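In: could you look at this predicted model? Sequence included:
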Amino acid sequence: MECPVEAHQGTADELAKSLREAIQRLNRRVRQARPVGDLTFSQLSALTSLQLAGALTPRELADVERVQPPTMTKIVGKLEERGLVARTPHPTDGRQVILSATERGQAVHAQFEQARNEWLASQLAALSPAERETLARAAEVLQKVARA
């Protein structure tokens with residue numbers, strides 16, 4: 001059986017493909033690890049963006065989420081119905097509003113984050129200490145790549 005590391009020491013292109021595929025699969029699996037609830041991935045993603053940014057206009061949120069404004073309007077409407085997002089008047093532009101996560105929205109976001117972290121921690125606990133050390137080093141390198 002070929003060692004994955006040895007298989008990708010050839011070219012940066014081969015490593016890029018392998019790494020991208022692994023990250024995508026892991027991201028999909030982590031996204032699936034969530035508490036029981038009826039939030040869609042799009043709603044959770046928008047709530048996460050608001051949690052990270054603090055507050056955004058609907059247009060800014062649509063841009064961050066890479067969706068069209070009408071789509072974001074529907075997503076925000078569902079989050080508002082659940083009391084997870086609040087609108088406040090824009091401080092300088094009366095035509096705009098600012099969206100932010102409510103306390104309840106922050107709590108729901110924290111529950112989702114906890115469920116994802118618990119799932120990943122359980123998977124990591126099943127690895128050998130050497131494998132976990134390798135992943136710790138890889139995480140540092142991936143952070144460096146992400147900041148580039």
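Out: Done, it's in.

In: for the rest of this, base every contact and every neighbour count on C-alpha atoms.
Out: Noted.

In: ok, which stretches of this protein are helices?
Out: 4-7, 12-32, 41-53, 58-65, 69-81, 103-125, 129-147 (DSSP state H).

In: which among the ones you listed is found nearest to residue 89?
Out: When the helices of the chain are compared by CA to CA, helix 58-65 sits nearest residue 89, at 11.8 Å.

In: buried ones in that closest one?
Out: Under the neighbour-count criterion of 16 or more other CA atoms under 10 Å, helix 58-65 has 58-59, 61-62 buried.

In: next one: stretch 95-107
Out: Judged by neighbour count using 16+ other CA under 10 Å, the buried positions of stretch 95-107 are 97-102, 105-106.

In: how much space between the residue lying closest to residue 132 once chain neighbours are set aside and residue 117?
Out: Distances taken as CA to CA, 6 or more residues apart in numbering put residue 124 closest to residue 132, at 6.7 Å, once the chain neighbours are dropped. Applying CA to CA, to the nearest Å, one obtains 10 Å for the distance of residue 124 from residue 117.

In: low pLDDT regions in the chain?
Out: Scanning the chain with the threshold set as pLDDT under 70 gives 1-9, 36.

In: still on that earlier bit, got a markdown table for the helices of the chain, with distance to residue 92 too?
Out: Shown next, in a markdown table, are the helices of the chain (distance: least, CA to CA, whole Å):
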| stretch | distance to residue 92 |
| --- | --- |
| helix 4-7 | 54 |
| helix 12-32 | 37 |
| helix 41-53 | 19 |
| helix 58-65 | 15 |
| helix 69-81 | 21 |
| helix 103-125 | 25 |
| helix 129-147 | 32 |
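
In: nothing else from me, thank you.
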